[in-house]
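1. Got a sequence here, can you model it:
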Amino acid sequence: MKKPSNIQKITLKRGKQPSVNEYITNICDGDIPFLSKAITLIESTNPKHKDIATRIIKGCLPFANKSVRIGITGVPGVGKSTFIEALGHHILQASKKIAVLAIDPSSSINKGSILGDKTRMESLVRNKNVFIRPSPSGNNLGGVARKTRETIILCEAAGFDTILIETVGVGQSETMVHSMVDFFLLLKIAGTGDELQGIKRGIIEMADAIVINKIDNSSKANVQRALSDFKNALHLYPIKESTWQPKVTSCSALNNQNIDAIWNIIQDYLVLTKKNAYFQTRRNLQNEYWLLETLNQNVLNHFYSDSKIKLELKNALNTIKNQKGSPFEMADILLNSYFKLK
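-> Modelled structure (predicted):
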């Protein structure tokens, strides 16, 4: 499908809300201010903004799905931002355009967010072919994951053919990001003494590659031990549906060591999964997952925003507090009341 060209390209002006068609046209022309503004609409809780964002996404969808989506996770301190900057510069050598979507950890006390990825990726952010967008995760990880997935569509329509998604590396963020990427990379460091014990089984199962980073700060013996441990662990898992055997390697992102080999691993994965059709099968399954996930989230939002339910929920909590009813009984009463309202 040809990109829309019936709307004259305009300059985004402060205080003026462009039309949906103007958004779509300018995003497809690679206009970064329009892309950023549209993502802000996606992240907004204003119902009017949500409607505009939905229409923009629908208009951009025919021009999306032409990128490679790579998820990168690891605990804080493992060097994700430095690794992404090193990998990004290597990818740029292949005349690619990169969008980095970073889900930052938000404070549970003051709801603030670090949002520091742009300062940590100083040289990468200055490249005209790179777009970096940090998003605070807040308390609703499912919500921010959905918004990230919608942001991917807009970035793809804007011409970014490589999408890097950085996770906070804690909680359930890895599962959410795994559900929207083609390749999932886990970063680790050697010499911590808990390479395998300190990692959840589920993350090992999701990983398409495990990379030991910061080898410049570890002894050769520690690095070799970590590589051996992870390789042995991966052989205990059944063969993936993609038939891909996850790889284990090492690097020093700070010194740009072995970054090219990691990109080659990703390319090998893409060749294999596109040849055996798993690449598109996985994309289809992800679309099904996000349909159901969006339905679940919308039902929950509708339930908790109902004014009568809000009052009844408050009463139900008091009932439980005074030990005059069980949580299960109160839940049934609330659900029955909700469905009677419909």
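2. so what's the backbone phi/psi at the closest residue to residue 77 other than its chain neighbours?
-> Once flanking residues are discounted, residue 77 sits nearest to residue 189: 7.8 Å by CB to CB, 6 or more residues apart in numbering. In this view, the C-beta of every residue, glycine as well, is placed from N, C-alpha and C. Recorded main-chain torsions at residue 189 are phi -130, psi 150, according to degrees, to the nearest 10.
3. Surely residue 189 touches residue 216?
-> No: in this structure, residue 189 is not within contact of residue 216 by CB atoms under 8 Å, at 10.8 Å.
4. Give me the more crowded residue out of the two.
-> Per other CB atoms under 10 Å, whichever of residue 189 and residue 216 has more neighbours is residue 189, with 22 against 11.
5. Provide a list of residues in contact with that one.
-> 77-79, 212-214, 217-218 (CB atoms under 8 Å, 6 or more residues apart in numbering).
6. Now distance to residue 179, pLDDT and neighbour count too, for these, in a markdown table please.
-> Output for these, formatted as a markdown table (distance: CB to CB, whole Å; pLDDT from 0 to 100; neighbours: other CB atoms under 10 Å):
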| residue | distance to residue 179 | pLDDT | neighbour count |
| --- | --- | --- | --- |
| 77 | 25 | 87 | 10 |
| 78 | 22 | 90 | 22 |
| 79 | 24 | 92 | 21 |
| 212 | 25 | 96 | 28 |
| 213 | 24 | 96 | 24 |
| 214 | 28 | 94 | 23 |
| 217 | 33 | 90 | 14 |
| 218 | 32 | 89 | 20 |
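7. Quickly name whichever of the residues you listed is closest to residue 34.
-> Nearest to residue 34, judged by CB to CB, of the contacts of residue 189 is residue 79 at 33.0 Å.
8. Would you agree the closest one is in contact with residue 187?
-> Yes: here residue 79 reaches residue 187: they are 6.6 Å apart, a contact under CB under 8 Å.
9. Check the contact lists of these two and give me the overlap.
-> Joint contacts of residue 79 and residue 187 (CB under 8 Å, 6+ apart) are residue 213.
10. May I have the phi/psi pair for residue 70?
-> Residue 70 adopts backbone torsions of phi -120, psi 120, taken as degrees, to the nearest 10.
11. what number of residues lie near the closest residue to it other than its chain neighbours?
-> In this structure, residue 70 finds its nearest non-sequential neighbour in residue 183, 4.9 Å apart by CB to CB, 6+ apart. Applying other CB under 10 Å, we find 20 residues neighbouring residue 183.
12. any idea how far residue 183 is from residue 286?
-> 13 Å (CB to CB, to the nearest Å).
13. same thing with residue 234?
-> If you measure residue 234 against residue 286 using CB to CB, the figure is 23 Å.
14. Give me the packing partners of the host helix or strand of residue 154, helices and strands only.
-> Element membership for residue 154 (DSSP states H and E) is helix 141-157. Secondary-structure packing of helix 141-157 (3 or more CB pairs under 8 Å, 6 or more residues apart in numbering; DSSP states H and E): helix 20-28, helix 32-43, helix 47-60, strand 98-104, strand 130-136, strand 162-166, helix 173-178, helix 278-305.
15. Ramachandran angles for residue 186?
-> With angles defined as degrees, to the nearest 10, residue 186 sits at phi -110, psi 120.
16. now it, nearest residue through space, not along the chain?
-> That would be residue 207: by CB to CB, 6+ apart, it lies 4.3 Å from residue 186.
17. one step back: so which of the helices and strands packed on helix 141-157 is nearest residue 241?
-> helix 278-305 (6.7 Å).
18. and the helix or strand just after the closest one, how far out from the chain's middle?
-> Counting by DSSP H and E, the element after helix 278-305 in chain order, helix or strand, is helix 307-321. Counting by CA atoms, centre = their mean, to the nearest Å, helix 307-321 is centred 35 Å from the centre of its parent chain.
19. i'd like the first residue to be 51 from this point on
-> All right, first residue 51 from here; so that's helix 357-371.
20. Good, we can wrap up now.
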